[in-house]
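Undergrad: attaching a predicted model along with its sequence, questions to come.
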Amino acid sequence: WEDVYTEHAQVQDPANREPIMVSADTISPERDALFAVGAVGDVTGPFRNRAGWHIIRLDNIIPPAQRELEDIREEVAQRIRLIRKDESLNRNLASWRDEFGVEIFEDALAAMPAWNELQTLQ
């Protein structure tokens, strides 16, 4: 590793020696390469991303932090409230469609600009 690492010209630039953080929920060539190695200290095979070809040594694994329930209680409650509001709205919309005979033309609706696009027209 040290021989290959130090002989490459780009490694002389400190910006190319920055450690990278890769998360299990990140989709990237780096993640795929690192998850394929067996243990800390192992080196990936060559892989390519948008910046070129690379090899990476796995220096350490940081386990995910477990958040306490008290720390996320309000966040979870907020998500549940939002889900319930969405479900209620969808039930009401379905009921109103039946009650008032509303017909939705999906093709025409899909062709219309989104709300944020309409805002930029003003």
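TA: Structure received. Residues are numbered from 1 along each chain as shown.
Undergrad: where does the chain have low pLDDT?
TA: 1-19, 121-122 (pLDDT under 70).
Undergrad: over to the residue sitting nearest the centre point of it. Which of the three states is it?
TA: In the chain, the residue lying closest to the centroid (Cα atoms, centre = their mean) is Thr26, at 5.4 Å. Here Thr26 is recorded as coil under DSSP: H, G, I helix; E, B strand; the rest coil.
Undergrad: please renumber the chain so that the first residue is 16 from this point on.
TA: OK, 16 is where the count begins now, so the last one is Thr41.
Undergrad: got the phi and psi for it?
TA: Torsion angles at Thr41 (phi, psi; degrees, to the nearest 10) stand at phi -90, psi 140.
Undergrad: distance of it from Asn64?
TA: Using Cβ to Cβ, to the nearest Å, Thr41 is found at 12 Å from Asn64. Where C-beta positions appear, they are placed from N, C-alpha and C, glycine not excepted.
Undergrad: now do Pro79
TA: Pro79 sits 24 Å away from Asn64, going by Cβ to Cβ.
Undergrad: compare those two and say which is more crowded by neighbours.
TA: Neighbours per residue (other Cβ atoms under 10 Å) separate Pro79 from Asn64, with Asn64 holding more: 11 against 8.
Undergrad: run through the bridge partners of that one.
TA: Per DSSP bridges, the residues bridged to Asn64 are Gly67.
Undergrad: close enough to count as contact, Val52 and Arg46?
TA: No: the criterion here is Cβ atoms under 8 Å, and Val52 misses it with Arg46 at 11.3 Å.
Undergrad: much appreciated, bye for now.
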